[in-house]
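[1] Compute the structure for the input listed below.
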Amino acid sequence: MKRILFASWYTGLGGGETDLLTLAGSLDAKDYECHLLLPKDGQLSEIWRETVGPVHIIPFRGATTLFVPALWARFPVVKRFTKLLQRERIDLAHCDYHSLPMVAPAAKLAGLPFIFTLWGWWFKPKPWQRIFFRNIPKTIARSIAIRDGYLGEPPLMPLENLPVVYPGVDTERFHPELDGARLRDELGISQDAPLVAMVARFQRVKGHHSFQSLAEAIARQEPEARFIVAGDNVFGLAADGRYRDEIVRMASTNDALRERLRYIGFRDDIENVYAAADVVVCASEFESFGKANLEAMACGVPIVSTNRGGPAETVRQGETGFLIDPGDIAGFSRAVLRLLGDDGLREKMGRAGRAQVCARFSIDAATEAYRRIFEDLLRLNSR
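    Numbering: from 1, shown residues only. Coordinates of the predicted model:
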């Protein structure tokens, strides 16, 4: 059995953290023992302990984009990471950007390979970091948008050195046969009301303010329409908390939205949110990948999404949903109203979306891609 340590600075449950849980939970337990390293406990560690395996807490400060590799390699926490890798007999380490400058030297000291997964496209290597990033044994990008943004122009390294592995969706958990009636009842929403949903943690880039403008525009033409937003300030950041408070206040003081728009917070039954909705909207200014879009598609729900970033790779325009420029409220509202007014189109797009997720974005495909990469690195390291 091989032991893999997954290191993350994030302790809440955003898209990347959900991906980690899904990946680790899908690896064959007979072949892999999956450990998790975090700076503190949180939602991620709670679920990991229940469903995956051991969790190790070592406080550390997440790296900023300006980190100096040689300096961070000397931080005392690197020794603690190294001791953990040795004590737990870890064979392979996997890290995110914020833990990378500490995991990389620790893995080197422990004599084992490591993998760096790029979750976001805004982490562009600085000139003094280029050699460090080029020497990483294996870097994986979560989408083409992330890969291209990271590599820059001219590219930091050849494209073939940075494979894209799309995160997988659990198509058994997310499927069209789910019954959303119970959630509608819980929220006091009529079973007949057109329902538009958004699933996103609170952060300005996620576009809650745009969704509110969209809801107001739709309500003027479709007064029976209702709107729900699932998600919270999952990382506990002050700026995101202020944004959440601002958004909720705006909704509560808007006559058009007060009785139509509900913020329902974090849901661990997020599949039921998709099942209850007629249309799912991604109103972000950009998305590195857009996991919620694929989860909704797996549930047979059509998408109206920003076209900037990952969604342009996963949502097929006019087939599984509609792609709209960020901030184009008129464009978003036209697309949503078109879907709300055409049962046949929603069903057709829903079927196409489900088929696409099963064919290209299943957890089985993602797990197999990572498994091959893990085994290649472990084989090379054993020589």
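[2] only C-alpha atoms for contact and neighbour calcs from this point on.
    OK.
[3] Would you mind giving the secondary structure of Ala292?
    Using DSSP: H, G, I helix; E, B strand; the rest coil, the structure places Ala292 in helix.
[4] Isn't Tyr263 up against Ile228?
    Yes - Tyr263 is within contact range of Ile228, at 5.9 Å (criterion: C-alpha atoms under 8 Å).
[5] Those two: which has the busier surroundings?
    Neighbours were counted for Tyr263 and for Ile228 using other C-alpha atoms under 10 Å; Ile228 has more, 22 against 16.
[6] Pretty sure that one sits against Ile189.
    No - contact status for Ile228 versus Ile189: not in contact, 9.9 Å apart, counting by C-alpha under 8 Å.
[7] Measure how buried Pro154 is and give me the count.
    For Pro154, using other C-alpha under 10 Å, the count is 7.
[8] Report the separation between it and Pro163.
    Per C-alpha to C-alpha, to the nearest Å, Pro154 is found 18 Å from Pro163.
[9] With Thr51 instead?
    28 Å.
[10] which of these two has more neighbours?
    Neighbours were counted for Thr51 and for Pro163 using other C-alpha under 10 Å; Pro163 has more, 17 against 13.
[11] now that one, nearest residue through space, not along the chain?
    Spatial nearest neighbour of Pro163, chain neighbours left out: Ile140 (5.4 Å); criterion: C-alpha to C-alpha, 6 or more residues apart in numbering.
[12] for Asp240, same thing?
    Gln203 (5.1 Å).
[13] does the one you found really touch Tyr243, like I thought?
    Yes - applying C-alpha under 8 Å as the test, Gln203 and Tyr243 come out as touching, 6.7 Å apart.
[14] ranges for the strands of this structure?
    Along the chain, the segments classed as strands by DSSP state E run 2-7, 32-38, 55-57, 92-95, 114-118, 138-141, 195-199, 226-230, 261-265, 279-282, 303-306, 321-324.
[15] so how far is the longest one from its chain's centroid?
    Averaging C-alpha coordinates over strand 32-38 and over its chain gives two centres that are 19 Å apart (C-alpha atoms, centre = their mean, to the nearest Å).
[16] That one versus strand 2-7: what angle between them?
    Interaxial angle, strand 32-38 versus strand 2-7 (axes from the mean of the first three to the mean of the last three C-alpha atoms, to 10 degrees): 20 degrees.
[17] shouldn't Ala24 be in contact with Leu36?
    No - look at Ala24 against Leu36 with C-alpha under 8 Å: they stay out of range, at 9.6 Å.
[18] how close does Phe227 get to Arg334?
    16 Å.
[19] Settle it for me: which of the two has more neighbours?
    Phe227 (27 against 14).
[20] if I pick the more buried one, what's in contact with it?
    Each residue near Phe227 by C-alpha atoms under 8 Å, 6 or more residues apart in numbering is listed here: Leu195, Val196, Ala197, Ala215, Arg260, Leu261, Arg262.
[21] would you turn those into CSV with distance to Glu17 and neighbour count?
    Formatted as CSV, the contacts of Phe227 follow (distance: C-alpha to C-alpha, whole Å; neighbours: other C-alpha atoms under 10 Å):
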residue, distance to Glu17, neighbour count
Leu195, 28, 22
Val196, 25, 25
Ala197, 22, 25
Ala215, 29, 25
Arg260, 31, 20
Leu261, 27, 23
Arg262, 25, 19
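[22] wait, which of those is closest to Asp269?
    Ala197 (14.1 Å; C-alpha to C-alpha).
[23] Correct me if wrong: that closest one contacts Val279.
    Yes - shown here, Ala197 and Val279 form a contact pair, counting by C-alpha under 8 Å, at 6.4 Å.
[24] beta partners of Gln317?
    According to DSSP bridges, the partner residues bridging Gln317 are Gly321.
[25] tell me, how many neighbours does it end up with?
    15.
[26] Could you do Gly300 as well?
    Gly300: 30 neighbours (other C-alpha under 10 Å).
[27] can you pull the contacts of the residue lying closest to it once chain neighbours are set aside?
    Leaving aside its sequence neighbours, Gly300 sits nearest to Gly350 (C-alpha to C-alpha, 6+ apart; 3.9 Å). When contacts are counted by C-alpha under 8 Å, 6+ apart, Gly350 touches Met297, Cys299, Gly300, Val301, Pro302, Thr320.
[28] among these, who's most crowded?
    Neighbour counts for the contacts of Gly350 peak at Pro302, which has 35 neighbours (criterion: other C-alpha under 10 Å).
[29] is it true that it touches Glu295?
    No - judged on C-alpha under 8 Å, Pro302 makes no contact with Glu295 at a distance of 10.6 Å.
[30] ranges for the helices of the stretch 1-150 of the chain?
    Assigned helices in the stretch 1-150 of the chain, in chain order: 15-26, 43-51, 69-72, 76-87, 100-110, 130-134, 144-151 (criterion: DSSP state H, counting those that start in this stretch).
[31] What's the local residue count around the closest residue to Val357 other than its chain neighbours?
    Excluding its sequence neighbours, the residue lying closest to Val357 (C-alpha to C-alpha, 6+ apart) is Ala298, at 5.9 Å. Ala298 has 31 neighbours, counted by other C-alpha under 10 Å.
[32] quick one, what contacts Ala298?
    Val169, Thr171, Phe174, His175, Pro176, Gly353, Arg354, Ala355, Val357, Cys358 are the contacts of Ala298 under C-alpha under 8 Å, 6+ apart.
[33] Now render the residues you listed as JSON lines, adding pLDDT.
    Shown next, in JSON lines, are the contacts of Ala298 (pLDDT from 0 to 100):
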{"residue": "Val169", "pLDDT": "92"}
{"residue": "Thr171", "pLDDT": "94"}
{"residue": "Phe174", "pLDDT": "96"}
{"residue": "His175", "pLDDT": "96"}
{"residue": "Pro176", "pLDDT": "96"}
{"residue": "Gly353", "pLDDT": "97"}
{"residue": "Arg354", "pLDDT": "97"}
{"residue": "Ala355", "pLDDT": "97"}
{"residue": "Val357", "pLDDT": "96"}
{"residue": "Cys358", "pLDDT": "95"}
